[in-house]
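>>> Sharing a model that was predicted from the sequence below.
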Amino acid sequence: MPDFVSKDPTSNQFWDERFDRAFTPWDKGDVPQDVKNFIQRAPVPLTTLIPGCGNAYELAFFAQKGWDVTAIDFSPAAVKSAKAAVGDWSARVLEADFFAFTPAKPLDLIYERAFFCALPPGLRNNIVARWAELLPTGALLAGFFFFDDAINASLKGPPFSIRRDDWQNLMSNDFALLEDSDVSDSIPVFLGKERWQVWRRR
């Protein structure tokens with residue numbers, strides 16, 4: 001691992017340094033199969049937000065299917081990288097803080113890919129509360145969630161794992177679980193420890 005100056009993943013400098021040095025082991029470099037399946041099954045296009053988007057490959061895929069999608073990241077280096085990665089759809093990538101960002105229209109979906117696990121456990125309640133605030137009743141949260149029930153596993157990161165029981169307790173007040181399945185094409189950093197899940201806002 002390179003010797004980085006910034007050690008605080010709540011700082012945009014942390015992520016700037018890693019994108020500037022092309023150290024992105026969480027980056028699949030492609031659209032996961034579960035996302036493709038989800039879009040294929042959806043009866044209509046959904047207004048979608050992708051927080052902490054990184055290189056935002058999924059944004060281009062959503063947009064090509066006619067979905068109204070916006071991707072945000074608070075790291076200028078990540079935004080620059082994402083705009084280059086998505087090409088014609090670069091105007092849909094914005095530099096913004098998830099906790100302060102207001103979508104232009106009501107959301108149908110928040111897509112989660114390595115944003116929740118990128119931030120320390122102390123911010124989990126804030127993230128879930130913000131999901132609940134942004135999503136109206138009936139809207140969806142869908143994506144990939146990183147689990148490890150080993151003692152103290154959640155302290156190592158990013159990515160920061162979460163125990164399944166803790167995750168269920170965190171989500172149960174505001175969301176109902178609709179789908180939960182294995183992931184067939186995980187990258188090494190998440191292998192055997194991530195699930196594809198879809199939650200509905202209560």
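Happy to help now that I have it.
>>> only C-alpha atoms for contact and neighbour calcs from this point on.
Will do.
>>> And what about residue 97, helix, strand or coil?
coil (DSSP: H, G, I helix; E, B strand; the rest coil).
>>> how many neighbours does it have?
Residue 97 has 15 neighbours, counted by other C-alpha atoms under 10 Å.
>>> How many residues are close by residue 102?
Applying other C-alpha under 10 Å, we find 11 residues neighbouring residue 102.
>>> where does residue 142 land in three-state SS?
strand.
>>> actually residue 158, sorry about that
With three-state DSSP as the basis, residue 158 sits in coil.
>>> do the same with residue 61
Residue 61 falls in the helix class when you classify it by three-state DSSP.
>>> show me what contacts it?
Neighbouring residues of residue 61 by C-alpha atoms under 8 Å, 6 or more residues apart in numbering: residue 31.
>>> again, only using 10 Å
30, 31, 35, 36, 39, 67, 69, 86, 89 (C-alpha atoms under 10 Å, 6 or more residues apart in numbering).
>>> Where does pLDDT dip in the chain?
Residue ranges of the chain with pLDDT under 70: 1.
>>> residue ranges for the strands of this structure, please.
Assigned by DSSP state E, the chain shows strands spanning 48-50, 69-73, 93-95, 109-113, 140-146, 175-182, 194-201.
>>> what's the closest residue to residue 130 other than its chain neighbours sitting at in phi/psi?
Leaving aside its chain neighbours, residue 130 sits nearest to residue 99 (6.6 Å; criterion: C-alpha to C-alpha, 6 or more residues apart in numbering). As for residue 99, its main-chain torsions (degrees, to the nearest 10) stand at phi -80, psi -10.
>>> nearest to residue 150, of the contacts of residue 61?
residue 35 (28.0 Å; C-alpha to C-alpha).
>>> Just give me the neighbour total for residue 42.
9.
>>> Excluding sequence neighbours, find me the nearest residue to residue 82.
Spatial nearest neighbour of residue 82, excluding adjacent residues (C-alpha to C-alpha, 6+ apart): residue 55 at 4.0 Å.
>>> go on, residue 198?
residue 142 (4.2 Å).
>>> follow-up on the earlier one: the residue nearest to residue 130 touches residue 126, doesn't it?
Yes - with contact defined as C-alpha atoms under 10 Å, residue 99 reaches residue 126; the gap is 8.2 Å.
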